[in-house]
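Engineer: This is a predicted model, with the sequence first.
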Amino acid sequence: MRYESPDTLEAAAKLLASESGEARILAGGTDLLVQIRAEVLSPALVVDIKKVAETRAIKEEAGGFRIGAAVTGAELKEHSALKKVWPGLVEAANLIGSTQVQGRASLGGNLCNGSPAADSVPAMIAAGAIASIVGPNGRRDLKVEDIMLAPRKLALQKGEIIASFLLPKRAPHSGDAYLRFIPRTEMDIAVVGCGVSLTLDGSGTCTAARVGLGAVAARPLLVEDAAKALVGTKVDDAALEKMAAAARAACKPIDDKRGTIEFRTDVAGVLAKRTALIALERARKA
Amino acid sequence: MQERVKSPKFDVVGTRPVRPDGADKVTGRAKYGADHNVAGQLVGKVLRSPHPHARIKSIDTSAALAMTGVKAVVTRDDFKDQSSEFVPAGEMLVNYRDVVRNVMAREKVLFEGHPVAAVAATSESVARAALRAIKVEYEILPHVIDVVEAMKPDAPIVEDGMITVGVTPPPTKPSNVAKRVEFVLGDIEKGFKEADLVIEREFNTKPVHQGYIEPHACVASVSEDGTAELWTTTQGHWIARAHCARLLGWDMTKLRVTSSEIGGGFGGKTVVYLEPLALALSAKTHRPVKMAMTREEVFKASGPTSGANVWVKMGVKKDGTITAGEAVLKYQAGCFQGSPVQPGCMCAFAPYDLANVKVVGFDVLSNRPKVAAYRAPGGPISEYAVESVVDEIAEKLGMCPIELRLKNAAKEGTKAAYGPKFGPVGMVECLEAAKGSPHWKAPLGKNQGRGIAAGFWFNIGGETTVNLQLNEDGTLTLMAGTPDIGGLRASLAMMAAEELKIPYEKVRPIIADTSSLGYNFVTGGSRSTFSSGLATVEAARSIIKQACGRAAKLWEIPEDAVTWESGEIKPAGDNAGKFKPMTLTDIAKVAGKTGGSIVGVGAISAQGAAPSFGVHIADSEVDPDTGKLTITRYTVIQDAGIAIHPAYVEGQYQGGAAQGIGWALNEEYIYGDDGKLQNAGFLDYRIPVASDLPMIETIIVEVPNPRHPYGVRGIGETAIVPPMAAINASAARATGVRMFELPLSPPKVLKAMKAAKKA
Ligand SMILES: Cc1cc2nc3c(=O)[nH]c(=O)nc-3n(C[C@H](O)[C@H](O)[C@H](O)COP(=O)(O)OP(=O)(O)OC[C@H]3O[C@@H](n4cnc5c(N)ncnc54)[C@H](O)[C@@H]3O)c2cc1C
């Protein structure tokens, strides 16, 4: 196994593109190294992207934030400006694993590991995050909800690297939240995950919303019908019920060791409501 | 700590000194199984079956052996077959015919993870590559996983030709039922006729793993002259020696086994898995061979306890008198016979003084790893079912569950359904303590429920040796041979200090190897503080006797004219006051001149072990939308006899409760239709994490065991018996639904709540 740690994305993309065997990007390694040790993966080339400045920085840009793909959960939590505007996303990233894991785990790795249950992804989808991708043919943007296609399958081409994520400028009276259901209290994988972001007008009516769901289908979902159920309402019980029903309708889960189809579908609705209420509370205060 | 019975005044017993092994454990110096390394050691790895059930047609190791760095391969051909015979080991019986097959598959592989070959190589990566190079040809056979399925007449047969024992006339057709056992007291038909209320329920539980944090690991080194050293993490190194010597055909004296510090065992480390393989590989190469399991291997190939199907029927009068108890227990044994169904039967109704009892048990094979002992093996399963029915009876009669239990509680003189009459036991005292506890009286919040359940475990004694040597400066070295899992060294040093009237710090206890001390049976059956404690007291008394003899010699007076009084040797009778009293330190200084080293040996078969009863109170809160249960408060009340070191007694109580909470809420072996285990890791095999648990409160009840000089009862196992029923009862009140299956995982609880709402 060859290890490289170039300083630029261009060099990294070139290394990845020219490797004939299996090549992998290394961010925090909390998925990759575990999979290598378990002999699930045995890449010929590992390219560490952490020496590339863009992947490790959090910057304000166009009124929003650009977050490097390899920034860790712990670093997100320590960034008070970011945390103030996107508390839900920061909390989602900090649900990952334990304190030790959060010192390494990144948003890019969480998304690109390709698990439908990844915790930060529904929160990023709800936030409307846009990935900036660098590959052998230059740079392009892709919405986060369009990146993962199926378990372990991404819309990235050979040699492409997510450099950073752009979180758009926030309107006043906006809030976001993320909740997951796990049978324990920590160190577990989401049986259902839900991210909600919404914006209110001066009268408290919801003017915009985004709802992301994880672990209920082969990929994390942007549930537009659930968002529509909230827009134009005061996010009252009736709206929340409608939203929960839409969230349930979007689920296409499987029966597995972590939960049944029936359970996941039920709980998706429950979590959608609970998450929306937290986001609502935050929007009212913002 | 609340003391129920006034204990005699002791200087050391009952205090809470720091454990002698503590500093090394918290600084990382303590050496566990995988911490031992020897110059020149090879890495041993096991090739395991990918199939749950298959005939092995051939094994070709030639390509692996030809690889650079591969030093040896062993397969079934390297182990002689053994005759079928049962011998005691730990709390269970073993049959070497099965042990040799468990260590290395012979005719068939019987579970996914069954060892098929082992290699020794110069590095881990070479060893792994060698495993991939071994070619095994299998003829895949149909498999069976579930216990009820395995008992069906058309089920695939795990052990060819097995005929059920304990049935007359013996069946003519082979089946997966190894054994039927039955315990009867009185006349249940008569008992049920006397009842005003009869409740009959069927329960199912899943296999659960002991979940010790330290995986199995060992280092074996066989020299050119055939003598061997084995370093291993085990609950019983004499048993490990016996098993290995037997499987390899060696004289026991050639094999010296040292037990490492142990990172949990809970019964699961009374079995050999890697040790015979490492020794066989080392014997071939004359290089030390180190082997360690991965967590996946621990789950797939070391013993969980049984999953079971249990049917219970109980009759009761309106006033709460239980008139009859009947149960049928079907326990999974795994791929070889020997589930803990017998102790399960014996425990089922043990907390109660009943006139009419009948319990029938079946020991059933299926294509799973062979079960190993797990804390009170068998008891938690049968008592979960019985105590859940007792709770339902209390509810139906509108009686307080404590009062119902008090009315029927076993006490001194009660004849247990499994035979013996109890001596002084603490069931009533535990119930009274529960009734008086702050927890029982505390108010409950919304969506919360409170449950209570009792539990029982026998506890054992058995063969034990302790060696106590008086050093030249008056300090003592104590050698015990029951591996210290829960604070044994501290407790033994305390009993020696108490007996010898010297400070605790003057006694340094160690766990000696098999060549340094007489025979010791395993740490299991909650026996180590009881049995090694007895042997320690015997050794200490021998030291006192010898020291008195030395003083007599010095003073030139008869031995019987010397007495021992609170730590001093004094001339007595006519000689009283004639010589200056001597301490043990004084004697130690002149030992060389008065006859040589002073060594006390306690070599005993400990008798008089006494059972421990416990009562647990659990509060759970349900999230009504997701079915998730959270344990919000928990109290363990248990009879310790006398708590030598109360902190370690409390630790055992808390540990048993924590494991029981896992068993009740989330732990289970999950198999696919392909017969393969789907959750062989801590991510999906959900033992509780720290934040899942409330602070577990403890109340130590002390009803001394009259057969032990310090009143000790075993306490390690009883603590895991009541949690499942206590939590089940609390969940029934929190959710409004009675459930009959473990674990009480959120999907199941939500489904049950939704079904109840519809009904
Ligand atoms: C003990 C433990 C607990 C965990 N708990 C959780 C949990 O609760 N919730 C959860 O969601 N996850 C959990 N995880 C999984 C893991 O920690 C997260 O998915 C984490 O976010 C991965 O980030 P990383 O930087 O470590 O990724 P890495 O392991 O470095 O990479 C993961 C994958 O993404 C690819 N990759 C990484 N960065 C990029 C990039 N910029 N562009 C393209 N591809 C890239 C890598 O090639 C690799 O295939 C846990 C892991 C462990 C070990």
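Structural biologist: Structure's in. What do you need?
Engineer: how about B:A301, what does it touch?
Structural biologist: Counting by Cβ atoms under 8 Å, 6 or more residues apart in numbering or on different chains, B:A301 makes contact with B:46, B:48, B:111, B:113-115, B:273, B:293, B:369. Bear in mind the C-beta positions are built from the backbone N, C-alpha and C, glycine included.
Engineer: And A:I49, by the same measure?
Structural biologist: Here A:I49 is in contact with A:9, A:12, A:25-27, A:55, A:69-70, A:161 (Cβ under 8 Å, 6+ apart).
Engineer: separation between B:A606 and chain A?
Structural biologist: 41 Å (Cβ to the nearest Cβ, to the nearest Å).
Engineer: and that residue, bridged to which residues?
Structural biologist: B:G462 (DSSP bridges).
Engineer: Identify the residues contacting it.
Structural biologist: Counting by Cβ under 8 Å, 6+ apart, B:A606 makes contact with B:461-464, B:527, B:530-531, B:534-535.
Engineer: Determine which two of those are furthest apart.
Structural biologist: B:E463 and B:F530 (12.9 Å; Cβ to Cβ).
Engineer: So these two - more neighbours on which side?
Structural biologist: Neighbours per residue, other Cβ atoms under 10 Å in any protein chain shown: of B:E463 and B:F530, the larger number sits with B:F530, 31 against 18.
Engineer: Quick check: that one touching B:A609?
Structural biologist: Yes. Proximity of B:F530 to B:A609 meets the contact threshold set by Cβ atoms under 8 Å, at 5.7 Å.
Engineer: shared neighbours of the two, anything?
Structural biologist: Joint contacts of B:F530 and B:A609 (Cβ under 8 Å, 6+ apart) are B:459, B:461, B:705, B:713-714.
Engineer: Now, those residues that are in helices?
Structural biologist: With helices taken from DSSP state H, there is no overlap with the shared contacts of B:F530 and B:A609.
Engineer: Verify the contact between B:L492 and B:L478 for me.
Structural biologist: Yes. Between B:L492 and B:L478 there is a contact under Cβ under 8 Å: 5.9 Å.
Engineer: give me every residue that touches the residue of the stretch 1-150 of chain A found nearest chain B.
Structural biologist: Nearest residue of the stretch 1-150 of chain A to chain B: A:E39, at 7.5 Å (Cβ to the nearest Cβ). Listed by Cβ under 8 Å, 6+ apart, the contact partners of A:E39 are B:R128.
Engineer: What residues does chain B have near chain A?
Structural biologist: Proximity of chain B to chain A, by Cβ under 8 Å from any Cβ of the partner chain, involves residues B:128, B:625-628, B:665-666, B:670, B:678-679, B:682-684, B:686, B:688-689, B:691-692, B:745-747, B:750-751.
Engineer: pretty sure B:A547 is in contact with B:I598, am I right?
Structural biologist: Yes. When contacts are counted by Cβ under 8 Å, B:A547 is listed as touching B:I598 (6.5 Å).
Engineer: so what's in contact with the two at the same time?
Structural biologist: Joint contacts of B:A547 and B:I598 (Cβ under 8 Å, 6+ apart) are B:470, B:587.
Engineer: returning to what we had before: let's see which of the contacts of A:I49 end up in helices.
Structural biologist: A:9, A:12.
Engineer: Now B:A729. Nearest residue, chain neighbours left out?
Structural biologist: If the residues on either side of it in the chain are set aside, B:A729 comes closest to B:G451, at 2.8 Å by Cβ to Cβ, 6 or more residues apart in numbering or on different chains.
Engineer: So that neighbour: helix, strand or coil?
Structural biologist: With DSSP: H, G, I helix; E, B strand; the rest coil as the basis, B:G451 sits in strand.
Engineer: residues contacting it?
Structural biologist: Counted by Cβ under 8 Å, 6+ apart, B:G451 has contacts B:391, B:617-620, B:725-733.
Engineer: switch to 10 Å and redo it
Structural biologist: B:387-388, B:391, B:401, B:616-620, B:722-723, B:725-734 (Cβ atoms under 10 Å, 6 or more residues apart in numbering or on different chains).
Engineer: what about residue 158, neighbour count?
Structural biologist: In the absence of a named chain, chain A is used. 12.
Engineer: my bad, the chain I had in mind was chain B
Structural biologist: Neighbourhood size, B:V158 [other Cβ under 10 Å]: 29.
Engineer: All good on my end, thank you.
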